[in-house]
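> give me a 3D structure for the following:
(one chain, ligands or ions: 2)
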Amino acid sequence: MHWFHKYCDFVKWLNKQTLRVKMRRGKQRVYFNKGFHSQKNLLSLEHIDELVDKGEILKRGNSTTVSKVELNDQTVVIKRYNTNSIWSGIKQLVKVTYAYNCWFIAHWLRWNNISTPKPLAVVELKLGFLWKRSYLITEYAPFCSLDDFLQDPTHSEINIDKTEQRIRVLFSTLRKAHVSHGDFKSSNLLCLQDDICLVDLDHAYFHFVGVMLLLRLKRDKKRFLKNFNDSSKLQERFRKVLSK
Ligand SMILES: Nc1ncnc2c1ncn2[C@@H]1O[C@H](COP(=O)(O)OP(=O)(O)O)[C@@H](O)[C@H]1O
Ligand SMILES: [Mg+2]
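Ligands and ions are numbered 1, 2, ... in the order given. Model prediction:
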């Protein structure tokens with residue numbers, strides 16, 4: 001049960017690390033990483049929708065918008081989650097918001113030396129009876145996608161070698177951290193020469209039950225290999241690495 005003690009220590013640490021602030025007569029709740037908390041940031045976050053809409057949109061989906069924003073001299077990424085159905089509103093009555101889940105998992109991954117952009121804050125906006133919107137703010141990671149990294153013609157063989165090692169280590173560390181990611185698309189893997197950074201933790205979970213963890217990680221590996229459907233050679237190389 002070594003991991004369980006580690007998990008309990010982590011929860012204590014995260015509680016100490018987090019500052020909870022209520023605003024707009026209790027309708028807006030912000031969880032701050034202590035280092036990111038300032039009066040200036042707090043005031044800016046009062047107008048978070050404006051910040052998202054004026055920023056550089058990295059992706060606009062049905063239920064989420066991802067925007068790169070300059071926030072008081074710091075480049076951050078804000079991901080907005082809309083509760084766009086009654087069902088997702090009801091789910092969020094009993095579960096934490098998507099943004100909070102990502103915040104928790106991102107801290108846990110970093111605690112386990114798995115690279116993911118540093119989470120800075122979570123904003124939850126209550127509109128009516130149900131929690132309607134939540135926002136995750138993270139540091140901007142100036143990395144390129146896994147696809148671009150592997151195809152970089154100047155050193156693609158070196159990059160493939162490095163990625164093989166990193167992917168092997170990444171999966172074994174995820175297993176030790178009891179986490180599955182849930183969406184191992186190459187666009188959710190940001191690369192730098194010495195790092196692979198996981199983003200999009202919307203469907204990432206911490207598993208208390210070992211069997212579930214193994215099943216979900218198997219699914220993650222399958223999804224990861226699907227990234228190379230167009231290149232059977234690469235797919236085979238990564239399949240070998242992951243079967244070791
Ligand atoms: N912290 C970040 N730093 C740099 N780029 C990011 C960051 N977060 C997300 N992105 C970019 O935005 C894209 C969309 O974000 P993501 O969380 O994957 O949204 P979605 O759930 O819509 O796929 C990612 O594929 C990545 O390229
Ligand atoms: Mg994504």
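
> CA only for contacts and neighbour counts going forward, please
Noted.

> setting the sequence-adjacent residues aside, check what's closest to Leu127.
Lys27 (7.3 Å; Cα to Cα, 6 or more residues apart in numbering).

> tell me, how many residues neighbour that neighbour?
13 (other Cα atoms under 10 Å).

> residues contacting it?
Lys27 is in contact with 125-127, counting by Cα atoms under 8 Å, 6 or more residues apart in numbering.

> if I pick the residue nearest the centre of the chain, what's in contact with it?
Centroid-nearest residue in the chain: Leu201, 3.4 Å away (criterion: Cα atoms, centre = their mean). By Cα under 8 Å, 6+ apart, the contact list for Leu201 reads 102, 105-106, 181-183.

> and ligand 1, which of these reach it?
Filtering the contacts of Leu201 for proximity to ligand 1 by Cα under 6 Å from any ligand atom leaves nothing.

> and those residues, which of them are in helices?
Judged by DSSP state H, the subset of those located in helices is 102, 105-106.

> give me the helices and strands touching the helix ranked longest in the chain, please.
Secondary structure of the chain per DSSP H: the longest helix is helix 156-177. Secondary-structure packing of helix 156-177 (3 or more Cα pairs under 8 Å, 6 or more residues apart in numbering; DSSP states H and E): helix 146-151, helix 210-226, helix 232-243.

> with mean neighbour count, distance to Asn72 and mean pLDDT added, can I get the ones you listed in TSV?
Listed next are the helices and strands packed on helix 156-177 as TSV, based on neighbours: other Cα atoms under 10 Å; distance: least, Cα to Cα, whole Å; pLDDT from 0 to 100:
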stretch	mean neighbour count	distance to Asn72	mean pLDDT
helix 146-151	17	30	88
helix 210-226	16	37	97
helix 232-243	14	42	93
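
> okay, now the closest residue in space to Lys79 that isn't next to it in sequence: neighbour count?
Spatially, and ignoring its direct neighbours in sequence, Lys79 is nearest to Val66 (4.4 Å; Cα to Cα, 6+ apart). As a burial measure, Val66 scores 22 neighbours (other Cα under 10 Å).

> what residues does this structure put near ligand 1?
58-59, 61, 64, 66, 77, 117, 138-142, 187-188, 199-200.

> swap the cut-off to 8 Å and go again
Applying Cα under 8 Å from any ligand atom, we find that the chain lies next to ligand 1 at 58-61, 64-68, 76-79, 116-118, 138-145, 187-190, 199-202.

> pLDDT check: weakest of the contacts of Lys27?
Scanning those for pLDDT, the low point is Leu127. It has 78.

> what about that one, distance to Asn229?
Look at Leu127 and Asn229: by Cα to Cα, to the nearest Å, they are 43 Å apart.
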